[in-house]
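Asker: Got a predicted model here, sequence first, then my questions.
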Amino acid sequence: MASKYVDHYTEKDNEGNITFTDKELTLTSEAFISLTDDLEELIDKYANVEDWIENDKYYHTTNEIRQDLMILIHDIINNKEE
């Protein structure tokens, strides 16, 4: 089920050889960036305040929401249930 946004995490050595591949799927770097952009657009849409992102007091909460979404997506793509 690998895609643009989901793949198996891998580690490479200095020569570019794969030394580790995770068995579970995870979000790619591109997915993390896209998720961040989508979250910011969602907040912009409903808060109707464009400069909220420049305010550091919202960083922690926004980061927690992003982490929760990542965990939810990870659980869904790996068929995990609570």
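Answerer: Arrived safely, thanks for sending.

Asker: if you go through the chain in chain order, where are the strands?
Answerer: Ranges of strands within the chain are 6-12, 18-27, based on DSSP state E.

Asker: Just put those in TSV and tack on mean pLDDT.
Answerer: Output for these, formatted as TSV (pLDDT from 0 to 100):
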stretch	mean pLDDT
strand 6-12	93
strand 18-27	94
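
Asker: Turn those into CSV, columns for mean neighbour count.
Answerer: (Each C-beta comes from the backbone N, C-alpha and C, glycine too.) CSV is the format used below for the strands of the chain (neighbours: other CB atoms under 10 Å):
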stretch, mean neighbour count
strand 6-12, 13
strand 18-27, 12
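
Asker: could I get those as CSV with distance to residue 52?
Answerer: Formatted as CSV, the strands of the chain follow (distance: least, CB to CB, whole Å):
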stretch, distance to residue 52
strand 6-12, 29
strand 18-27, 24
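
Asker: where's the most centrally placed residue in the chain relative to residue 6, distance?
Answerer: Geometric centre of the chain, nearest residue: residue 32, 3.4 Å, by CA atoms, centre = their mean. Per CB to CB, to the nearest Å, residue 32 is found 11 Å from residue 6.

Asker: circling back to that earlier point, report the contact partners of the closest residue to the residue nearest to the centre of the chain other than its chain neighbours.
Answerer: Once flanking residues are discounted, residue 32 sits nearest to residue 70: 7.5 Å by CB to CB, 6 or more residues apart in numbering. Contacts were defined as CB atoms under 8 Å, 6 or more residues apart in numbering; by that measure residue 70 touches 27, 32, 35.

Asker: The last one against residue 71, yeah?
Answerer: Okay, so that is residue 35. No - using CB atoms under 8 Å as the test, residue 35 is too far from residue 71 to be in contact (11.7 Å).

Asker: I figured residue 26 was touching residue 8, is that so?
Answerer: Yes - if you go by CB under 8 Å, residue 26 and residue 8 touch, sitting 7.2 Å apart.
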